[in-house]
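**Q** Would you be able to build a 3D model of this:
(chains A and B, ligands or ions: 3)
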Amino acid sequence: MEVSVMEDILGGNDKIAAENAQIFKNNNIFALNIIGSPGAGKTTLLEKTIGKLKKSLNMAIIEGDLFTSKDADRIASHEIPVIQINTSGGCHLDAAMVQKVLPQLNLAELDLVIIENVGNLVCPAEFNIGEDSKAAVLSITEGDDKPLKYPLIFKEAAVSILNKVDILPFTNFDMASAKNDITCLHPGIEIIETSCQQESGIDEWCKWLENAVKSKQNG
Amino acid sequence: MHEMAMAEGIMDIVKDYAEKNNAVKVHTISLLIGEMTGVVVDSLEFCFKALSKGTIAENAEIKLKNVPLVGHCNDCNWQGHIENYNFFCPHCKSGHMDIISGRELRVEYLEVD
Ligand SMILES: Nc1nc2c(ncn2[C@@H]2O[C@H](COP(=O)(O)OP(=O)(O)O)[C@@H](O)[C@H]2O)c(=O)[nH]1
Ligand SMILES: [Mg+2]
Ligand SMILES: [Zn+2]
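**A** Ligands and ions are numbered 1, 2, ... in the order given. Reported below is the predicted structural model:
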């Protein structure tokens, strides 16, 4: 006999993600899920962000990593709360992993929680973890063809960071073409060019974050 | 390799619906897979095979239905297939396009005894 189902395969994750979103909302927290390939510069960008924003915003970081605590150690040296989640080889964070560690944070005191996902452009895009927004970090060395090769993350992200623009002169990366592909994929997406090394674009990125926190907290 | 997480999701749904319907054997699992999803089908089938060993769904056939990426323009009501992931309306150039289908990762139906 045929049994009609029509259930989302990742529905279980979506349910827990909705609970996480409610927890963030109850605590007036803007939660950002930052996604990009290994080496794109996610942790470096976070370090720069902390430097600029930790005086004006109460922030905490959740670091997703396959096996190590290297990134969490880098963040901890900036003296803000950081939690490490090891996925033991899992290619993405899921909502349950995030929910499990949230009690370790003093949520009532926080404005901003940034979650660095496992380095990967594919899998994390399918798994909501309760975030308000996703940020996609693409570095110049990865090539300008990547947005169309990994369209989902650029469709899901509210903001796309094109990092390592300092090495543009040494590559064949076509900035106009990359930006055009990202904009076609996601009309209205915010695109920010950064160099963490030369500290360019970091102010614009931090402004975007501050505005996001502000509009969340003002309802 | 999020295909393992997906296979687990499928297994949970299959077990739930099999139980609700007093099934003893699951023969077919039909899935709707949207065009704009990142699923490696071979890998999903491999993971499901491993997971379903010794369960009610062992050796079940997985049927895949691909769902095309279709958008709807909020400004001119154009509706159609999105080509090359270009979400600007081909009719009026608006960027206010909703996704109507193509993001599905869904169990559609089961064939059970
Ligand atoms: N030239 C250059 N290197 C960068 C930039 N941002 C990060 N890096 C380097 O890229 C490497 C990977 O950075 P990391 O933050 O660990 O990447 P993650 O894996 O995405 O967290 C490190 O050696 C960084 O110093 C940048 O803007 N320009
Ligand atoms: Mg990192
Ligand atoms: Zn239109």
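**Q** Contacts only, for residue 101.
**A** Assuming you mean chain A. A:Val101 makes contacts with A:62, A:83, A:85, as judged by Cβ atoms under 8 Å, 6 or more residues apart in numbering or on different chains. Using the backbone N, CA and C atoms, a C-beta is placed for each residue, glycine as well.
**Q** switch to chain B, that's the one I care about
**A** B:34, B:67-70.
**Q** out of the contacts of A:Val101, who's nearest A:Thr183?
**A** Distance to A:Thr183 across the contacts of A:Val101 (Cβ to Cβ) is lowest for A:Ile62, with 29.7 Å.
**Q** mind listing what residue 10 touches?
**A** Because you didn't say which chain, this covers chain A. A:Leu10 touches A:126-127, B:5-6, B:9, B:105, counting by Cβ under 8 Å, 6+ apart.
**Q** Not quite, go with chain B.
**A** With Cβ under 8 Å, 6+ apart, B:Ile10 has these contacts: A:9, B:29, B:31, B:48, B:107.
**Q** I'd like the distance between the third one and B:Arg106.
**A** When distances are taken as Cβ to Cβ, to the nearest Å, B:Leu31 and B:Arg106 turn out to be 7 Å apart.
**Q** Looking at those two, which one has more neighbours?
**A** Using other Cβ atoms under 10 Å in any protein chain shown, the more surrounded residue of B:Leu31 and B:Arg106 is B:Leu31, with 24 against 21.
**Q** Could you look up the SS state of that one?
**A** When classified by DSSP: H, G, I helix; E, B strand; the rest coil, B:Leu31 comes out as strand.
**Q** How about it, nearest residue that isn't a chain neighbour?
**A** Spatial nearest neighbour of B:Leu31, chain neighbours left out: B:Leu64 (5.4 Å); criterion: Cβ to Cβ, 6 or more residues apart in numbering or on different chains.
**Q** Just confirm A:Pro147 is within a helix.
**A** Yes: A:Pro147 forms part of a helix when assessed by three-state DSSP.
**Q** Setting aside sequence neighbours, what's the nearest residue to it?
**A** Leaving aside its sequence neighbours, A:Pro147 sits nearest to A:Asp181 (Cβ to Cβ, 6+ apart; 4.3 Å).
**Q** element containing the one you found?
**A** Assigned by DSSP states H and E, A:Asp181 belongs to helix A:175-185.
**Q** What is the neighbour count of B:Cys92?
**A** B:Cys92 has 12 neighbouring residues, counting by other Cβ under 10 Å.
**Q** which residues in chain B form strands?
**A** B:26-34, B:61-67, B:70-73, B:79-81, B:97-101, B:105-112 (DSSP state E).
**Q** Looking at these, which is nearest to A:Phe170?
**A** Using Cβ to Cβ as the measure, strand B:97-101 is the one of the strands of chain B that comes nearest A:Phe170, at 36.7 Å.
**Q** where does chain B have low pLDDT?
**A** Along chain B, segments meeting pLDDT under 70 span B:1.
**Q** for chain A, what spans make up the strands?
**A** A:2-8, A:30-36, A:59-65, A:82-86, A:112-116, A:133-139, A:159-163, A:190-193.
**Q** so who does A:Asn120 touch?
**A** Counting by Cβ under 8 Å, 6+ apart, A:Asn120 touches A:35, A:37-38, A:91-92.
**Q** one more time with 10 Å
**A** Residues near A:Asn120 by Cβ atoms under 10 Å, 6 or more residues apart in numbering or on different chains: A:35-38, A:64, A:66, A:90-92, A:150, A:153, B:1-2.
**Q** With A:Leu57 instead?
**A** A:30, A:49-50, A:80, A:110-112, A:206, A:209-210, A:213-214.
**Q** Kindly report the same for A:Gly12.
**A** Per Cβ under 10 Å, 6+ apart, neighbours of A:Gly12: A:94-96, B:5, B:8-9, B:12-13.
**Q** That one and B:Asp16: what is the separation?
**A** 10 Å.
**Q** now do A:Ile61
**A** For A:Ile61 relative to B:Asp16 (Cβ to Cβ), the value is 36 Å.
**Q** residues contacting the residue of chain A found nearest ligand 3?
**A** Nearest to ligand 3 in chain A, going by Cβ to the ion, is A:Pro187, at a distance of 11.4 Å. Contacts here follow Cβ under 10 Å, 6+ apart; on that basis A:Pro187 touches B:86-89, B:93-97.
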